[in-house]
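Chemist: With the sequence up front, the predicted model follows.
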Amino acid sequence: MNIDIKKQTRVIKENLFSSPVSTLLTFITSYIMISFFRGMFGFATAPDKDWLSVLNNMQLYMVQAYPESDFIRIWICVGLGFIFSGLSVGLWETEEKTSLSKLCLTFSKIVSGIIFLTIIAPTNSVVVSTATGIREQVEVFSYAERIPLLSILIGLLVVFFLISKINLSFNKSLLVSIYLFVPIILLWIMKIPTIQLDSENQRVFPDPLMPIANSTKIPWTLIWISFVVAYLVGVYFKNKKQFKNAVSISWVLLPLLIFSWIFKKPLIDLNELIRNDIPVFIGFLLIGVLTIYLINNKIVEKFYSYYLGFLVVVTIASLFLKVILLVKAALLLLLLFSAIIPAVSTSAKGKRSLTIVWIVSLTTTAFLLEGGTSTTQIVVPGSSIFGGFSLTWLLAIFGTYVSFPLGVLLALGRNSSLPIIRGVCTGIIELVRSVPYITWLFFASVTMAVFLPDGVEFNLIVRVLIVTAFFSGAYFAENIRGGLQSIPKGQFEAADAIGMNTVQKTSLIVLPQALRAIVPTLVSSIITSFKDSSLVTIIGLFDFLTIGRMVIGNQSIPINFIGHDRENLLFIAFVYWIFTFTLSRRSMKFEKRLGLGER
Amino acid sequence: MSIIEAKDVKKWFGDFQALKGISMEIQEGEVLVVCGPSGSGKSTFIRCINRLEQHQEGSIIVDGIELTNDIKNIEAIRSEVGMVFQSFNLFPHLTVLQNITLAPTWVRKKSKSDSEQKAMELLERVGIPEQANKFPGQLSGGQQQRVAIARALAMEPKIMLFDEPTSALDPEMIKEVLDVMKELAKSGMTMIVVTHEMGFAKEVADRVMLFDDGLMVEENTPNEFFDNPKNDRTKLFLSQIL
Amino acid sequence: MVKLLSKIGAFFRNVVVLKWAVQFIFLGGLIALIFNYLNIAVGNLANTNIAFSWGFLGETPGVSIAEGLYTLPKSGLQMLQTGMLNMLRITVTGIIAATFFGTILGIARLSNNYIVEKTATSLLEVVRNVPLLVQILFFQALILSLPRLEVYDVGSVLFHASSKGVALSWPNRQDGAWMFMLYFLITLYISNRVYKQRVKLLEEQGRETKPFLWSLSALVILFAVGWYGGYRIVGIIGFVSGFISQGLEVLPGIFYQILLSVVAGYISITSVRKQISSKRSGELQGKYSDDDYFKMIITIVIAIVFIALMFAPVGQGIAKFLVGDEPTFKSDWGLPQFFGGISNALDWSITGAPYELNMAEIEQVGTTKFKKYSTEVGKSLTVGYFATWLGVVIYTAIFISEIVRAGIMAVSKGQSEAGLSLGLRRSSLLRLIVLPQAVRIMLPPMGNQYLNLAKNTSLGIAVGFPEVVAVGQTLYNQEGQTLPVFLIWMIFFSTVSLTLSTIVNYYNRKLKIVER
Ligand SMILES: Nc1ncnc2c1ncn2[C@@H]1O[C@H](COP(=O)(O)OP(=O)(O)O)[C@@H](O)[C@H]1O
Ligand SMILES: [Mg+2]
């Protein structure tokens, strides 16, 4: 690293002081930035802030009042998420390499930034005394604290400089495990003040220093280990296409599994299971397998279209009749299957793989349905079992989940050549979009009940999910429509010319092309869903934001945190920021890698 | 019996009349070349033959099936008539092989292995079997057009329509496509070709037609058409393009 | 017999028949579905004894509103009006401010200056990735943490901020303000005409006519004349409106009905005729497709429904069926009141300056300890208003900055080089070449952001700002009429969206024409 001073000064001059105006701007902006930082720092460190109100309530933030005895379920959820992430990182890892010196350069940049901030940080902060209402200066960052910190940081800088001399390069994906390793280590060694109560439930002053997250460090460590193992497994199976497909499908099914079986503890009635579900399951299994194997039989083939028509009628009828949910779902699945069977099951190999797919999908459907529709055995005081961060995620993921297919349908309808269908879909999209989300949430919380038949009652969360599906569905539809319109007319004509019908054209030609064009918008929609989910606080659901602003803000037992909502708001903002920022960064990189934009 | 019979075909786009009464007959195995200035209705006419456009007056009968709004007839026609477009219109998200097997498996409901075997034969025939697993975006224009021809042939059509198949190609690629078309013509396929490649017309066409302003102004054998045209409009057209 | 059967078969295989059959089955299913749910709703409402009614619009709600037009509304309608006005207040000022800041930020992000660019980018990354609601709540918390108003604060100030909100010096509207505003619009129009006239002269005669100077001086002179009483000239309009209003009051209700039906009929007939004539060329007549017939039928059906609605008793009956209530709207559509209002606002006996610049004032209410900002002079912004305004403005400005940046980048590559090669300076390059083209690219996404801003104002409910959603919620908590309130929200927001997008589309089209 030999620094060419002349070159550096020239660069600085060009970038900052190229003209009088630029110079002025440099000074003004720097001044604003520095004073903003000093203000924020003073604000955050002022003694009237009680950051323990955040730290002490982590559990409340994450899961609200979920019973501790069932925490294992939540850990399994998180663990599954990490295991699949590890697998995916391993499976789809790129050949991109990064060198140690490059890494050190990044770290030294960060450390230099921190050094700079430490130097300019204010010593004193102005506090309005709550008792007298008079402003007073309080020392918040003394030189006695600052100088040791600075020397540590400079030491780190030197270490990085020395390490960067080592010539070593490694795969970029490995970095992820390293980045995750750091917080795990911190969990074990870092100590922070915590709140301790004495026998009379009085707060003990001064608060003792305790390892951060004492109760969670073992699960987190286990999760980290499984992440690394999953990563290695992923690398090992890198070239297995089936494995990749299985992981992709698992990503889609994972949230369903988590919310129907792991997060809640389904109450399964064995009697019911044996009398109803198992016979239905076996019946459908047989029908499907029979269809697969008989479809190319000369005699059966003739009746195929009647069979399909009959199936359509029965399926539609079942949707309106009172039959058990499993029958409805299985009928729908059978219908979808029967439509594609004749094209796929022409060879023995095709028949075999189709049978496997049929068994797996029927089993999954039955399994998920059973877990999803049965009541839970977990008893949570007050509200539903979803609260805090888990509710926020539930809303964000399921919002996207349900709204996506709806959006596809609406977009297809709006792009259709049939005027009535086009008109209706346009009307729905525009109507839904013209009104703010919050009014739809009010619709869910107070108006929707009016439209439900007697005896049917949905949980507020379910109602919110329904309106969210429509709301984000309408926005999705507009994005997808953009993708649809980007398909040249020639594609439709070519499909017509080889004799495809509308359904085949849509599913084989149009959607695959349109959906590929909207992968980036998919991610940004998830981000929007995630941010928008904070609005449910207004209709009184206990999401992440509600916990911070209402629950903790009014908490007086066992410790009084009343009036400490600014700390909590900042924390909430920070958490939202971390998630959305990393997600959008990831998607940007992913987008570049896919080379979207070029067809 | 003639395989295509068009009588007084008329077609409007809004208040613009693109076809002003076209009548013709084509025999099985015949190769017909259609030329004419841009905007004269050539594309519109041949697109009417496989019902990509609907004619509004007159009648078109293809292989004994009259083109009406009856969905059964439309389906039947579409699988009898193959079409090749000026801009190839290959499906960019599918490989070459998938492009060709798509219609046989989904429309003709053939088995996958059968249609793949057939597709490889066709690729052999158009001379690019080694490109089977590439995506259309990775091929040159001439190769793409040959894939498009193979795709149309995979449906085993009785009639092939070509709408200016070489206009979007560089000169050196034109030949490779024309060679494939010549081979096809010699194998006895009924073809209607909209093109301005006069060499092709002279060599393989049985008849040449000139369209102008929605009307067919001349119909002749190739020799007569080029050497001794009946119509002044034809002379003018030939003088412009030759 | 066989022939007949095959004919029937062919009929059902006809693509046109299939197409419309599918659509009508779809429509029928949809209507059945809607009808089903409406039926359920009617049944449920009957059970709960809260019959669907608009009556609450006329009743006194008995609650007060924190700020706005009517703080003690006498009717539900007044209450909603207050909410709507509050919402529009934020929307209009917010759009202006967000565009301004967004443009500056967007240009800053393109700056060569490292620090400026990085600052703008980090601001973007922070604001964009935090939910707006959290930001608004945070601004509220910040303001609430300011010192309280104290006795020694009482008096006039230029600017003041406290836990009660913010107060600014402000030009306050006087009696003549409405007239002056109208007068000023006319002035703008005149100076624009002057500019065009001078440009035309310049082009015709080829001499320097100084169009900008001329129009500016016209503006200044007219403004000065208007400020010192000249604005009273628009009183003429008020005078005429008064006449119209009186005339309209005399007319019977049936007049309006006939007028509107005639207009509806006329519009539908001309549009059908236009469609017919577009299919004709010379003597040869093109055939109509099924879609053409459908369009014509729909136009006529809409016209018939509209005319039927206009006429009692059919219209009254349908209205009653739709709203479940005796329709309370006047058959004169409020036109006489409208003109009456105009004639009151534009009264030429008003004198005095139209605006008066006032300092903000902090006052003590009576002898109590309660201190507040005066709402009479200066401008006071409540905590809710301030937090909501700041939140939506910053949030929207960030998104606008992205649009501005993308717009300029899209244009500047080739165009800048062309411009530089013509010898333009960088500043004039931006103004003359890049911006006009970039605006064209930027306008549609910008319009979307404006719509988002309008919708985001509804988050004011979380910080106690009484905009239309908050007010509506209070109202249905009082009366239990959730469905009508929801319908009102829907109509109101749709209207605002439609208006905004119409304006944006208008400019969009205007710019596109220039392009040719
Ligand atoms: N979809 C359409 N809508 C309106 N006009 C069309 C359409 N397609 C073609 N036309 C018009 O019909 C005329 C004939 O077009 P076409 O058959 O493509 O001509 P050619 O192929 O001979 O160049 C042209 O004037 C063209 O503008
Ligand atoms: Mg053409």
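Modeler: The structure has been received and is ready for your questions. Residues are numbered from 1 along each chain as shown, chains lettered A, B, ... in the order given. Ligands and ions are numbered 1, 2, ... in the order given.

Chemist: in what helix or strand does B:L161 lie?
Modeler: strand B:159-163 (DSSP states H and E).

Chemist: Quick one: mean pLDDT over that strand.
Modeler: Across strand B:159-163, pLDDT averages out at 95.

Chemist: which strands and helices sit next to it?
Modeler: The elements that strand B:159-163 packs onto, with contact taken as 3 or more CB pairs under 8 Å, 6 or more residues apart in numbering or on different chains; DSSP states H and E, are helix B:42-49, strand B:81-84, helix B:141-153, strand B:190-194. For glycine as for every other residue, the C-beta is placed from the backbone atoms N, C-alpha and C.

Chemist: Most tightly packed of those?
Modeler: strand B:81-84 (a mean of 26; mean count of other CB atoms under 10 Å in any protein chain shown).

Chemist: Show me what that one packs onto, helices and strands only.
Modeler: Strand B:81-84 sits against helix A:489-497, helix B:141-153, strand B:159-163, with contacts defined as 3+ CB pairs under 8 Å, 6+ apart.

Chemist: let's see it at 6 Å
Modeler: Strand B:81-84 sits against helix B:141-153, strand B:159-163, with contacts defined as 3 or more CB pairs under 6 Å, 6 or more residues apart in numbering or on different chains; DSSP states H and E.

Chemist: mind giving me JSON lines with those and columns for distance to A:S35?
Modeler: JSON lines is the format used below for those (distance: least, CB to CB, whole Å):
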{"stretch": "helix B:141-153", "distance to A:S35": "62"}
{"stretch": "strand B:159-163", "distance to A:S35": "69"}
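
Chemist: Same list, the ones you listed, but as a markdown table with distance to ligand 1 please.
Modeler: As requested, these are exported to a markdown table (distance: least, CB to the nearest ligand atom, whole Å):
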| stretch | distance to ligand 1 |
| --- | --- |
| helix B:141-153 | 17 |
| strand B:159-163 | 7 |
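
Chemist: got the residues of chain B near ligand 1?
Modeler: B:13, B:16, B:18, B:36, B:38-44 (CB under 6 Å from any ligand atom).

Chemist: host element of the residue of chain B most remote from its centre?
Modeler: Within chain B, the residue lying farthest from the chain centre (CA atoms, centre = their mean) is B:S113, at 28.1 Å. Using DSSP H and E, B:S113 sits within helix B:112-126.

Chemist: just checking, what packs against the strand or helix carrying C:G102?
Modeler: Following DSSP H and E, one finds C:G102 within helix C:76-109. Judged by 3+ CB pairs under 6 Å, 6+ apart, helix C:76-109 is in contact with helix C:114-128, helix C:383-421, helix C:435-456, helix C:468-479.

Chemist: Which other helices and strands does the third one contact?
Modeler: Taking 3+ CB pairs under 6 Å, 6+ apart as the contact definition, the neighbouring helices and strands of helix C:435-456 are helix C:76-109, helix C:383-421, helix C:482-515.

Chemist: Kindly report the same for the second one.
Modeler: Contacting helix C:383-421 under the criterion 3+ CB pairs under 6 Å, 6+ apart are the following elements: helix C:76-109, helix C:114-128, helix C:132-144, strand C:165-168, helix C:435-456.

Chemist: can you pull the pLDDT of the residue farthest from the centre of chain B?
Modeler: 83.

Chemist: Need the nearest residue in space to it, chain neighbours excluded.
Modeler: A:S347 (5.6 Å; CB to CB, 6 or more residues apart in numbering or on different chains).

Chemist: For the one you found, give me phi and psi.
Modeler: phi -110, psi 160 (degrees, to the nearest 10).

Chemist: neighbours of it, just the number please.
Modeler: The criterion is other CB atoms under 10 Å in any protein chain shown. On that basis, A:S347 has 14 neighbouring residues.

Chemist: can you check A:I378 too?
Modeler: 16.

Chemist: same check, this time on A:L394
Modeler: A:L394 has 22 nearby residues by other CB under 10 Å.
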